[in-house]
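Engineer: Give me coordinates for this.
(one chain, ligands or ions: 1)
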Amino acid sequence: MTEAIPRRETLPITRERPLDPPDELGRWREEATVRRMTYADGHEGWVVTGYAAARAILADPRFSNRPELLHSPFPNRPIRREDLERMPPGFFIRMDPPEHTRYRKLLTGQFTVRRMKLLEPRIAEIVADHLDAMERHGPPVDLVPTFALPIPSLVICELLGVPYGDRERFQRDSAALLNLETPLDDAQAALDDLFAYLHELVLRKSTEQGDDLLSGLISAGELTDREIAGMGLLLLIAGHETTANMLGLGTFALLCDPAQLTVMRDDPGSVENAVEELMRYLSVVHLGLIRAALEDVEIDGRLIRAGESVLLSLPLVNRDPERFADPTVLDLARSAHGHLGFGHGVHQCLGQQLARAEMRIAFPALLRRFPGLRLAVPPEEVPMRAAMAIYGVHRLPVAW
Ligand code: HEM
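Structural biologist: So this is what the prediction gives:
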């Protein structure tokens, strides 16, 4: 077993091409799929770029997701110990079992394939309404505020019972939180504000129950109102920013590749595969997932010591040539099954069936309504979300 010699190299973030991860990360994977890297606070941790190693780590209970154990690999975003005390209760993405299990199991029934099937007609209606509005407006439009952002935002609001009219506040807060250039104090203030908003909402719902997920958690009577607010916060952020960026970036990728666009538009039988391939190819959780070793663990011949942090680079892992043939090619006809775009293991995305349903409905509907859809600016003028925790496009001017 060999241990890599620590080198003071931080995470490469700059992309040479908008749809491909940084070339430097690819060179790192050629050197070693598990490699040393210096974190934002100087911690000498690891970066994982190989599919098999990443999947093994995500399934291994010897790796923790508790924030007090994690170091941040992201420049400008060290984890401040004082912020941990202000972490919302019920924010189960940052908990380990059995604490994590207690919260997650209260929600799993709400996000099954069957439950999501029942939502499909409503999702289709929301998509059609937004396409009608685009048509009424006429070209050109920015697809982000007219289509990509409002559809998942409205769907998650209806599911949770969050008034969509309040979107300015929660979209502003979640954008500030996910922007890695937001000063830490401002990011904490956005988190506090979002929590205060959800807490007020939960208190209001305790007296005026509705037929929605938050009301269901209240009437189950197992959690405090602060815990329900924290879970609501997690679902609200996770439920719209991620899918919104898949819709925006996915449309951009298809407009840059007309042959693939035709597959998505004209072949209903391949939509399921096509969405998985876009998830693999785009890997919008582009900086990756972090875990900390609870004990010494050997992965791919490297000894990761207890206390060391590991960054799993999803864009690299999802383009590992050992797992996917011609990984840098977008091929909607391939089976991209098994990609790690929704994570893996106990934290695997709770909302993945919802996200899939939204994408399977929204992409073909958009492309069929506007068969001549095209970029209204040269591709290099589309501003990319390089500094955001979720990758995507800031704006997507289109015409038809
Ligand atoms: C295309 C859209 C989406 C992507 C790419 C995505 C990606 C991910 C990933 C990678 C994780 C794992 C995090 C980790 O292991 O640390 C995750 C977890 C999670 N996602 Fe998603 N997600 C999407 C949509 C959604 C939606 C629509 C919801 C809404 C309900 C949602 C709710 C969650 C929650 C609650 C977790 C935490 C699960 C846990 O810790 O047990 N996600 N997501």
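Engineer: So the closest residue to Val310 other than its chain neighbours, which state does it fall into?
Structural biologist: Nearest in space to Val310, with sequence neighbours left out and distances taken as C-beta to C-beta, 6 or more residues apart in numbering, is Trp46 at 4.6 Å. For glycine as for every other residue, the C-beta is placed from the backbone atoms N, C-alpha and C. Applying DSSP: H, G, I helix; E, B strand; the rest coil to Trp46 yields a three-state assignment of strand.
Engineer: Residue of the stretch 301-400 of the chain closest to the ligand, please.
Structural biologist: Going by C-beta to the nearest ligand atom, the ligand is nearest to Gly351 of the stretch 301-400 of the chain, at 2.1 Å.
Engineer: show me what contacts the closest residue to that residue other than its chain neighbours?
Structural biologist: Excluding the flanking residues, the one nearest Gly351 by C-beta to C-beta, 6+ apart is Gly239, at 5.6 Å. Going by C-beta atoms under 8 Å, 6 or more residues apart in numbering, Gly239 touches 152, 155-156, 159-160, 351, 354.
Engineer: repeat for Val34
Structural biologist: Contacts for Val34 (C-beta under 8 Å, 6+ apart) come out as 46-48, 50, 53, 299-302, 304.
Engineer: same deal with Met231?
Structural biologist: By C-beta under 8 Å, 6+ apart, the contact list for Met231 reads 90-92, 103, 106-107, 217, 223.
Engineer: ditto for Gly307
Structural biologist: By C-beta under 8 Å, 6+ apart, Gly307 lies in contact with 69, 292-293.
Engineer: Also near the ligand: which of those residues, exactly?
Structural biologist: Residues of those in contact with the ligand (C-beta under 6 Å from any ligand atom): none.
Engineer: Same list (these) but as JSON lines, adding neighbour count.
Structural biologist: Listed next are the contacts of Gly307 as JSON lines, based on neighbours: other C-beta atoms under 10 Å:
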{"residue": "Leu69", "neighbour count": "19"}
{"residue": "Ala292", "neighbour count": "22"}
{"residue": "Ala293", "neighbour count": "23"}
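Engineer: pLDDT for these - can I get that in JSON lines?
Structural biologist: Converted to JSON lines, the contacts of Gly307 look like this (pLDDT from 0 to 100):
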{"residue": "Leu69", "pLDDT": "94"}
{"residue": "Ala292", "pLDDT": "97"}
{"residue": "Ala293", "pLDDT": "98"}
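Engineer: which one of the residues you listed is nearest the ligand?
Structural biologist: Nearest to the ligand, judged by C-beta to the nearest ligand atom, of these is Ala292 at 12.0 Å.
Engineer: so what does whichever strand or helix holds the closest one touch, helix or strand wise?
Structural biologist: Per DSSP states H and E: Ala292 is located in strand 289-293. In terms of contacts (3 or more C-beta pairs under 8 Å, 6 or more residues apart in numbering; DSSP states H and E), strand 289-293 is packed against helix 51-58, strand 63-64, strand 309-312.
Engineer: Before I go, just wanted to say thanks for your time.
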